[in-house]
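Colleague: What would the 3D arrangement of this be:
(chains A and B)
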Amino acid sequence: MTPRELFFWADAVVAVLTAGMVLLHRNAVVCALSLVMHLCTVAVFFVLLDATFLGVVQVIVYAGAIMVLFLFVIMLLDPKGEGVTGRMGNIQLFVTLGAALLLVAGILRILPALAVTNAGGGAAVPEGFGAIRGIGEALFSTYLLPFELASVLLLVAMIGALFMGKKEIVE
Amino acid sequence: MISFGAILLVSGILFAMGVVGVLLRRSALVILMSIEVMLNAANLAFVGASRSVGSIDGQMFAFFVMAVAAAEAAVGLAIIIALFRQRHTTDVDQVSFLKW
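Modeller: All right, here's what the predicted structure looks like:
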């Protein structure tokens, strides 16, 4: 096992633990801070997979900007802790766990096929793969139209969020 | 080198955990956070596929997923704030008045 693989699995353990904290902890603030940690572990995955620029963006945009928004709303609303199994029926719990187990079982079912086709561990990549230069060139040539559409989407989302947050729509 | 199967396994487990969070929790805020966990699991699969194939296209997809996630978080949190103003709760069980 190479150091990179070792690091990958250690990071995977931390990612799963922090995701578990997000979905099991009573306190929404602890959930949000666990999610920050989780997003950082995903950024480490990106760096390990030669997507260095994406890893940086993940930390700045996701763990930085989006999570600040989340924490800001949590502080604004001050929701009380709600717990996991309060008034929830057994049926809901069984359906949830059943769906999750089915997903994992499906993944495990297709795993052997994938391991065979990728025994070598993926294609060789050129120097600077996933660096800012290659990303920028692809973004402004091949993906120019989706890029512009994404900016329109963000503008629409901003106007929508402003409208929703206005006080006047409350009757 | 990390095999694509290992990446898909981790990504699948994280996605399943996000699904569990959405189905299990009642706080709208935590449900949004679980959706973020799912989006990140999908991003991880995209980047892993990109590395495995040796093409940058998967990373571009992850990029656009991030843009959509930012828009989704902004609108979702605005909806939660509007909801809290009207109903004084973020509990999704108490705002089920659209359910027949």
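Colleague: where does residue 86 land on pLDDT?
Modeller: Using chain A. Note on residue A:86: pLDDT of 52.
Colleague: looking at chain B here, not the other one
Modeller: Note on residue B:86: pLDDT of 83.
Colleague: Helix, strand, or coil at it?
Modeller: At residue B:86 the chain is in helix, as set by DSSP: H, G, I helix; E, B strand; the rest coil.
Colleague: low-scoring stretches of chain B, by residue?
Modeller: Along chain B, segments meeting pLDDT under 70 span B:99-100.
Colleague: Which parts of it are strands?
Modeller: Taking DSSP state E, chain B contains no strands at all.
Colleague: how about the helices of it, start to end?
Modeller: All helices of chain B, identified by DSSP state H, fall at B:4-24, B:28-53, B:57-87.
Colleague: For chain A, just list every one of the helices.
Modeller: Taking DSSP H as the test, the helices found in chain A are A:3-24, A:28-48, A:52-57, A:67-77, A:90-117, A:132-139, A:144-165.
Colleague: The ones you listed: which one's closest to residue B:8?
Modeller: helix A:90-117 (6.2 Å; CB to CB). To be clear about C-beta, it is placed using only N, CA and C from the backbone, and glycine gets the same treatment.
Colleague: related to what we said a few turns ago, deepest of the helices of chain A, which one?
Modeller: Stretch with highest mean neighbour count among the helices of chain A: helix A:28-48 (a mean of 22; mean count of other CB atoms under 10 Å in any protein chain shown).
Colleague: What is it packed up against?
Modeller: Packing partners of helix A:28-48 (3 or more CB pairs under 8 Å, 6 or more residues apart in numbering or on different chains; DSSP states H and E): helix A:3-24, helix A:52-57, helix A:67-77, helix B:28-53.
Colleague: Can you lay out those as a markdown table showing distance to residue A:110?
Modeller: Listed next are the helices and strands packed on helix A:28-48 as a markdown table, based on distance: least, CB to CB, whole Å:
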| stretch | distance to residue A:110 |
| --- | --- |
| helix A:3-24 | 18 |
| helix A:52-57 | 25 |
| helix A:67-77 | 32 |
| helix B:28-53 | 12 |
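Colleague: re earlier: rank the helices of chain A by mean pLDDT and give me the bottom one.
Modeller: Mean pLDDT is lowest for helix A:90-117 among the helices of chain A, at a mean of 75.
Colleague: check contacts around the closest residue to residue A:52 other than its chain neighbours.
Modeller: Of all residues not flanking residue A:52 in the chain, residue A:130 sits nearest, at 5.5 Å (CB to CB, 6 or more residues apart in numbering or on different chains). Neighbour list for residue A:130: A:49, A:50, A:51, A:52, A:53, A:54, B:50, B:56, B:59 [criterion: CB atoms under 8 Å, 6 or more residues apart in numbering or on different chains].
Colleague: Could you check the pLDDT of the third one?
Modeller: Looking at residue A:51, its pLDDT is 88.
Colleague: picking that back up, and residue A:36, which of the helices and strands packed on helix A:28-48 is closest to it?
Modeller: Among these, helix A:67-77 comes nearest to residue A:36, with 5.0 Å by CB to CB.
Colleague: from the middle of its chain, how far away would that closest one be?
Modeller: Remark: helix A:67-77 is offset 18 Å from the chain centroid, using CA atoms, centre = their mean, to the nearest Å.
Colleague: what's the angle from it to helix B:57-87?
Modeller: With axes from the mean of the first three to the mean of the last three CA atoms, to 10 degrees applied, the angle from helix A:67-77 to helix B:57-87 works out at 10 degrees.
Colleague: From chain A, how far out is residue B:70?
Modeller: 6 Å (CB to the nearest CB, to the nearest Å).
Colleague: and the nearest residue to that residue once chain neighbours are set aside, how many neighbours does it have?
Modeller: Once flanking residues are discounted, residue B:70 sits nearest to residue A:66: 5.9 Å by CB to CB, 6+ apart. By other CB atoms under 10 Å in any protein chain shown, the residues close to residue A:66 number 21.
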